[in-house]
Every structure is written in C-alpha cells, then in structure tokens.
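1. Here is a sequence with its predicted model. Questions after.
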2 protein chains.
Amino acid sequence: MSVNIQITNKPRIVIIGGGFAGIEIAKGFKGEEVQVILVDKNNYHTFQPLLYQVATAALEPDSIAYPLREMFKRQNNFIFRMTEVLKIKPETHLIETSIGEIEYDYLVIAVGSKTNFFGLEDLQRNAVPMKSIPQAMELRNLILENFEKALLTKDLEKRDSLMTFAVVGGGPTGVETAGALGELKMRVLPHDYPELDLNKMQIHIIDMEDRLLNTMSEAGSRSAEKFLKKFDVNSWLKTKVLSYDGEILALSNGKKLRAHTLIWAAGVTGAIIPGFREEVIGPGNRIRVDVYNKVVGYENIFAIGDIACMITEKNPRGHPMLAPVAIQQARCLVKNLKRLLRNKSMQPFAYWDMGVMTTVGRNHAVVDLNFIEFQGIFAWFVWLFVHLMALVGFRNKLVAFINWAWSYFSYDRGLRFIMRPLRNS
Amino acid sequence: MSVNIQITNKPRIVIIGGGFAGIEIAKGFKGEEVQVILVDKNNYHTFQPLLYQVATAALEPDSIAYPLREMFKRQNNFIFRMTEVLKIKPETHLIETSIGEIEYDYLVIAVGSKTNFFGLEDLQRNAVPMKSIPQAMELRNLILENFEKALLTKDLEKRDSLMTFAVVGGGPTGVETAGALGELKMRVLPHDYPELDLNKMQIHIIDMEDRLLNTMSEAGSRSAEKFLKKFDVNSWLKTKVLSYDGEILALSNGKKLRAHTLIWAAGVTGAIIPGFREEVIGPGNRIRVDVYNKVVGYENIFAIGDIACMITEKNPRGHPMLAPVAIQQARCLVKNLKRLLRNKSMQPFAYWDMGVMTTVGRNHAVVDLNFIEFQGIFAWFVWLFVHLMALVGFRNKLVAFINWAWSYFSYDRGLRFIMRPLRNS
C-alpha cells in the first residue's frame, strides 16, 4: 500500500532523515519544479551538538529542536511524513515505511549515525547513550534521581556509587559531558543537596587513546585535560572498557570502578537501512558513495552526511562525521541534482575543513581552526557564539541565550526537573 | 523503616505536596527554629493554571515548573524528599511513604486535587486529563499526532474524527483549552498541514450548566461564548456526557459526535490519602477542617488548599479550589502555627476574594474582580500580566514572556514537537 501523497508529473526527490544534511537538501529545492518529500521518525530537527546540555539541565529540548513543518511552511513543493523507513527497494524505486510505500525518482539517504556499542552487550543494556532528545532527557532524569536516591541510603558504598558517573569516550561529546557534570558538582548540586558531601561525587572519563580529543590539536587536548582536572574529573587514558553490569565497571588496566551511571559517548556507526547490496556497506557501517555522493552501483540514490562514506586520499575511512561535512555535502548535492535535472554533468564534492571546537566548561573551550588554534575564555565565547548562531530559528536562539546567560551569571542550572513521562501511553 | 533524615530537637513540620499551598507554608518558616520537611512525588512545583498552554504548544514545561530544591536552596531548615505518600498514621504521628516512614510534630496536608471522572469508567479509560505536566505533554503529542495520522488516511470519516476535539467542562480550563485549540485551527495548523482542509477541524465544548464559565459573571460568560464562536467552537450547554469509547461520544441530548480526542476538564476531586477516620472526608472528597484549617478531630494535622473543605456560611461546600485560596490559607496557617509554637491561640481564616479571570484566546479574556468586571483586549493584558508575575522565578517569567511575545507577533506556536519518551525506562 502506498502512502497517501499527491502524485504530480514533477520529479520526486525523497529525503530520508531531517538532520543537518536532510534539511539542507530540502531547503535547496525551494521554488524548484520538483516534489520534495522528507521523511523522519520525529516531526522535529535535532541540533545534536548540544544534546549534552539538555542532559545536564542547561537547556530545554525546545532550544535544540525545531519543528520540521515550521521550518518548511513557506515552501510549497515540500511534503513531510513522520514515519520510520524499514527498507529500500531500489529495483522498484520505492522505500518501504511503517505507514506504507513511497515512490521516488531520486532518493537521498541522510539518516545519520547511531550509537555504537562495539558488540558489548552488557554495555548496550546498562549504559546510557545520548543520541536523541528522549535519551538526553532520560539521562537528566537519571542524574538527578541518583542524588535523590543517595539521600535515602545509609549504605555508604551504595551512596558513593550513586554519586559516581563514568563517561566512556574522550571525544568532544565525552569531554563536554564530563565538563558539564563537573560544573554540576562544583556549583549547582552542593546547594541542592546540603545533606550530601559533594566531594564524594566522582566523575571518570575513559578513552582508549593516549589523549582526550585525539582528533584535535595536542595543545587543545592538554588544555582540556588540565581544565577537567580542575573539576576533579579523573581521566583514564589508553584504557578500554571490558564490562559493566550496571554497577561495576571493569577497565582494561585491571581497575574496577563502582559507578551507578555510565554515559556512553564512545562512538557511532552508520544507521544503515536494509535493502542495499552488501558491497555498498563500507567502513563504520556507512554507505559507500562516489565523489558526487552517489551510492556506489546505484543510479538515482545518494547518501550524505554521517551515513555516507566517501573514500578519498585524505579520508581513507570517509569524512569525519560532523555537521559541516553534512551541510557541505548537502549543498553540493543540491547543485548536482539540479544539474542532473537539466542534463548537465555533476561536479565532485570537496570538503572545506573549517576546523573543530569543543567546550570543556564555564569560560573554557578548545578551538582548532585551520589557520589558528586557541583555548580558554576567548575560545569559549567563540564556541558560544558559533553554536548560538547555528541554532535554527530566532526563538530558539533567544531562549538558549537566556538560559546560558542565566546559568553564567547565577552559577546555576534552572532546569533540574525529574520529569517522568506518562506510563502506558 | 524510617526515612534517612537528620533528627533534631526542633519541632518538625511535615508538608505533603509542593503546590501553591505547600510551598507557601515552607517559605513561611524560613529562619524559624523548626525543621521543615516537604515531600512531593515530583521534584518540581507545577504552575497548574497554565498547563493548557503546555498542551497546546504555547509554552514549554520549564516555564511553568520550578525545581523545589532550587526554590529553597537558601533556606537552611528545609528538607525535601521526593516520594509518594501512601498512608497517614495519626496514632503514631507518622506518614508512610514509598521510601519509608517520616515522623511529624505537625502535619500539613496540601496534596491538592485530582481529575474527577464521576465514575464514568469508559471516560477514565479514553479521555485525556490535564492535571500534570506529563499529561499536558501527552496531550500535545496526541493533538499533533492526530494531524500526522489524518494525512495518512483516505477514509474521510476517520480523517474528520482525527481532526475533531471534544472538550468536556465549561469552566476556565475547558474554555481556555477550547480557545487555544481554536487558535491552532485558525492560525497555526493551516501552515503546517496545507494538504488538509482545516475547515474540517471541529472543536466542541460540552457543559452541564446553561452557560460557560458559570462561576463567573453572566457578561463574562456571554463574552467568552461569543469569542469561542468566532473560533468555530461549538458549545453544547445543558448537556451531559453519557459515554465515550475513544471514538463515539454520546451526549444527553441524543446527539452522537465522532471525535478521536476527548479532553476531560469537567472537574476535580480531593486527592485523599488513606488513614483518616471516615467522618473527616467531606463533600467533593475533601478533608473537613475547622476555621484554623485544622483537620476535624485531630490535634496536630492541618489541611490547606484544594484538599481542604472549610464549610462556612458563604461556602457551604468549602472554598473554591483556586490558587488564591490555597496561598491565603497557607499564609494564615503559617501565622497560626507560629502562634501555636509560642503557646498563643490561633486566629480563624478569612478568604479575601480578589476575583477570577480566564483567557479565551488572543486578545480576549474575561476578568471578574470584586469591584469591576470587564472583557476583551484590556482584560487579556491584565490576564497576561498577572499570570506572568505569578510564575515562579525570573528565568521562568522571561522564557514564558518570550514565548508569548513570539506567538503573539508571529501568529505562531514554536513548540510543535511530538516528543515521545523513551520506552521501557
């Protein structure tokens, strides 16, 4: 059964995924003589780089989410359907979704990535990932609930465990989360829980590499490590996680940590949709594409962003899974699809690497641009400005700005709610 | 087993419920030589009068919720425990909670009210109540999901039903909700769903009385009815709901409406905690109290706010269940408890009725003060100002103000997210 969508004689471009890449493609066809169909399992776009701020009570979801229908309400050729894509059927130019089949002339896969537990089943069961807003909200609930529970027990070992947080993964997400937990420890929770000794709150960050932020400059890594140490964050480098039963975390250095909460920020993998030939799946479970982002071996299917693996000399395992790559690939593909529709030849994608930045905590960030590297308070303001500007919509920017300014001047986090969803609904 | 709370030789005042009444009592003892213990099942206070705005995508929960620990972080004698109270044991001066027992010297019951389905089981099963933030969020999800589903069906009867909303209860909550739905119909949803004919969206408000807002002035009722009619809201007065199976709503006038969503705003009842002698339970399932808010027949137990039923000549069924009553009773009880602690006699409660106000929609509210009644745009500004000022905390006020200003000038609602919580967590 096919999904109820008006049939026109215009070429139909179907986009799977409303992340950075997907919305950029859809926007690019505004006013064009095509039918743009975007499908996503959520009716909103998520600004993923700030999920950790939702998890640590610095921002509400509405600051980092934007309704997709709102985004495109002035684009007449745009159609949205909220659904999960189950399978791609390239032979018949169809995608199979939970609400029926949708036909396409051109298919753009922009489904992004999902949490990678590297096959560690006990971690998948017991660790908390942070790839979506509901997950970030759940983590916020868990963090705060732990302290409520710590108050209730006289068992000191249990209390310490409730107040211990292990963050696995020393990339930007892990560092930002550990830093934010450090701020909660130093400045927020002591006021909330005068009955608890917050010095007992332990934060661990664990990474296999020999330094944190190993994709950034060495000066940046050193600066981040120094700053995290100020927050009493323990770094475990060159260390692997072996197992975690929800309480005891076994590390490859023989050490065992007791931690009631383990936040998994150790990596992502392509969120592959079934239906492709096996040889299409490349390193990191990503879809192999050529220099035009065309899926290898298919004519009218493209993949962009995190899910796309474009192997080049400079990127033997594909481009880094970052928002700028997704946005640039989307813009390039818009141009190429337009050329294709006019029977012109496509032009290859070239990534312009502007650099990366990570915040570690109040007044401290690490910025590696391609012409300059710097750390500290100025980097922090640059980080704030760039992220504020990148948020979609004026209302979101303003609300995020107020929450950040509020936290900054009051040394507080205003959003310490434990909001459990309705059961059975 | 008793809850882990430091034992002092100061009198211990235990407050059940962090609503308007509960927080006012706790605040009143700042700096006093007592131990104040507040218990609530949530770690935040809810500003209930604006729940309908959360449900209709005008405000995020963080604008109308305030963390209780934040509220009292500068009050040294304050202790909070997040728990559900299961039973009161007056003989032993204990309350039994889900985390253990808590002893009290004085007990203040401020648990408020809960939704009253008047024994209609199918309504309890199929209607959506709106008494808590999770319920309001769920309603927001349902409203938006209905439109996503309406797009998918070619069955016109089903589509119309998905776009039909019945609000049962013509009091302030019902009127405000119907008005907010009307605004969504007129100004917001047509942009989001150009594929749907929004003229087909039906809103019904149903009440047993012969006018809406029957506790307010007749001029106010007429004005509200007129304004709702502009929004195409159908009023069914002198009408009872007989049954609702989730789709077909049977009314006492013989009419049957097809409505996929029924919002229940028809009434509340006291949220009684077990443990009292039967004769204590008064009309509306509320606790009978004397003029000092002391529970009839008990020495050191008090009840205030919605749960308290103080029968006076002017209020033969107790005071109206309104925030001002709760706050005034709390302030009076603070004074009386302080007098009691100093072996002075208590003074009776007197309600100063300032009047009531209800908003119907953009630029329109109904204000009945005890010296003047007025309706329209000025009333609406008064309503906005009063509610903005009543929100707890500067950050909340500011964020609510921005969201309101945004909606006002853009004719939009920025918060149209369908955010399903994590399953199994």
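-> Yep, it's here.

2. which of the residues in stretch A:403-415 are buried?
-> Within stretch A:403-415, the residues scored as buried using 16 or more other Cβ atoms under 10 Å in any protein chain shown are A:403-404, A:406-407, A:412-415. Placement of C-beta: from N, CA and C, glycine included.

3. swap in stretch A:22-38?
-> For stretch A:22-38, a neighbour-count test (16+ other Cβ under 10 Å) marks A:22-29, A:32, A:34-38 as buried.

4. Quick check: residues of the stretch 251-400 of chain A near chain B?
-> Neighbours of chain B within the stretch 251-400 of chain A, by Cβ under 8 Å from any Cβ of the partner chain: A:393, A:395-396, A:398-399.

5. which of those tops the neighbour count?
-> A:V399 (26 neighbours; other Cβ atoms under 10 Å in any protein chain shown).

6. and that one, what helix or strand is that in?
-> helix A:394-410 (DSSP states H and E).

7. Check which helices and strands that helix sits against.
-> helix A:61-64, helix A:377-390, helix B:394-410 (3 or more Cβ pairs under 8 Å, 6 or more residues apart in numbering or on different chains; DSSP states H and E).

8. which residues are contacting the last one?
-> Contact partners of helix B:394-410, identified using Cβ atoms under 8 Å, 6 or more residues apart in numbering or on different chains, comprise A:395, A:398-399, A:402-403, A:406, A:414, B:50, B:58-60, B:62-64, B:66, B:362, B:384, B:388-389, B:391, B:412-415.

9. switch the cut-off to 7 Å
-> Outside helix B:394-410, the residues that touch it by Cβ atoms under 7 Å, 6 or more residues apart in numbering or on different chains are A:395, A:398-399, A:402, A:406, A:414, B:58-59, B:62-63, B:66, B:384, B:388, B:391, B:413-414.

10. So what does the spatially closest residue to A:G318 that is not a sequence neighbour have for phi and psi?
-> Spatially, and ignoring its direct neighbours in sequence, A:G318 is nearest to A:C309 (3.7 Å; Cβ to Cβ, 6 or more residues apart in numbering or on different chains). With angles defined as degrees, to the nearest 10, A:C309 sits at phi -120, psi 100.

11. isn't A:C309 right up against A:G282?
-> Yes - in this structure A:C309 lies within contact range of A:G282 using Cβ atoms under 7 Å: 3.9 Å.

12. re earlier: what's the mean pLDDT across the helix holding A:V399?
-> What helix A:394-410 shows for mean pLDDT is 87.

13. what's the angle between it and helix B:394-410?
-> Relative orientation of helix A:394-410 versus helix B:394-410 (axes from the mean of the first three to the mean of the last three Cα atoms, to 10 degrees): 160 degrees.

14. hang on, the earlier thing: higher neighbour count, A:C309 and A:G282?
-> A:C309 (23 against 18).

15. List the residues that contact that one.
-> Contacts of A:C309 (Cβ under 7 Å, 6+ apart): A:282-284, A:286-289, A:318.

16. Okay, and which of those map to strands?
-> Among the contacts of A:C309, the residues falling in strands (DSSP state E) are A:287-288.

17. possible to save the contacts of A:C309 as a markdown table with pLDDT?
-> Listed next are those as a markdown table, based on pLDDT from 0 to 100:
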| residue | pLDDT |
| --- | --- |
| A:G282 | 94 |
| A:P283 | 93 |
| A:G284 | 94 |
| A:R286 | 97 |
| A:I287 | 98 |
| A:R288 | 98 |
| A:V289 | 98 |
| A:G318 | 95 |
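
18. Near chain B, which residues of the stretch 51-200 of chain A are found?
-> A:60-62, A:65, A:67, A:69-70, A:73, A:82, A:99, A:133-135, A:138, A:144, A:148, A:151-152, A:154, A:191-192 (Cβ under 7 Å from any Cβ of the partner chain).
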